[in-house]
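Asker: let me see the structure of the following:
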Amino acid sequence: MSKIIEIDESNFENEVTKSDLPVMIDFWAVWCSPCRMIAPHVEEASNVYSGKLKVGKVNVDNNHRIASQYSIYSIPAVMFFKNGMVVDQIIGAVPRKALFDRIERILAS
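Answerer: Numbers count the residues shown, from 1 in each chain. Down below sits the predicted model:
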């Protein structure tokens, strides 16, 4: 069982930029209802893809610099990183199948 990593300014470089695995980051906030809608899918992805995909969450209220750096203006936003670079993103709450299809495509590329 994988654990979702809480990403902040202190660990972003090690957990994301320098990661050997592809990384999926869920940008969210406590007050965001759509964020709560996709949270179970993000949690499930961290378990299903354990060892293949690192899953993290960034609370945008507590990490303004990271959110600004990646132009996060609408949440939820899910970004996918490979070799420290953004390779894809999803804006808004999406169904489980859409999220998992995107993960599969990222892992296959």
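
Asker: next, count neighbours for residue 49.
Answerer: By other C-beta atoms under 10 Å, 20 other residues sit near residue 49. For every residue, glycine as well, the C-beta is placed using N, CA and C.

Asker: tell me how far the closest residue to it other than its chain neighbours lies from residue 79.
Answerer: Leaving aside its chain neighbours, residue 49 sits nearest to residue 103 (6.3 Å; criterion: C-beta to C-beta, 6 or more residues apart in numbering). Taking C-beta to C-beta, to the nearest Å as the criterion, residue 103 is separated from residue 79 by 12 Å.

Asker: cool, residue 88 as well?
Answerer: For residue 88, the distance to residue 79 - C-beta to C-beta - is 8 Å.

Asker: just for this protein, where's the confidence low?
Answerer: 1-2 (pLDDT under 70).

Asker: identify all contacting residues around the longest helix along it.
Answerer: The longest helix of the chain (DSSP state H) is helix 33-48. For helix 33-48, contacts defined as C-beta atoms under 8 Å, 6 or more residues apart in numbering pick out 1-4, 24, 26, 28-29, 53, 55, 57, 75-76, 78, 92-96, 99-100, 103.

Asker: among these, name the ones in strands.
Answerer: Mapping the contacts of helix 33-48 onto strands (DSSP state E) picks out 24, 26, 28, 55, 57, 78.

Asker: dump the residue contacts of the residue most central in space within the chain.
Answerer: With distances taken as C-alpha atoms, centre = their mean, the residue of the chain nearest its centroid is residue 25 (1.4 Å). Residues counted as contacts of residue 25 (C-beta under 8 Å, 6+ apart) are 7, 16, 55-58, 78-81.

Asker: measure it to residue 59 for me?
Answerer: Counting by C-beta to C-beta, the gap from residue 25 to residue 59 is 11 Å.

Asker: likewise residue 92?
Answerer: Using C-beta to C-beta, we find residue 92 at a distance of 18 Å from residue 59.

Asker: between those two, which one's more packed in?
Answerer: Neighbours per residue, other C-beta under 10 Å: of residue 92 and residue 59, the larger number sits with residue 59, 19 against 12.
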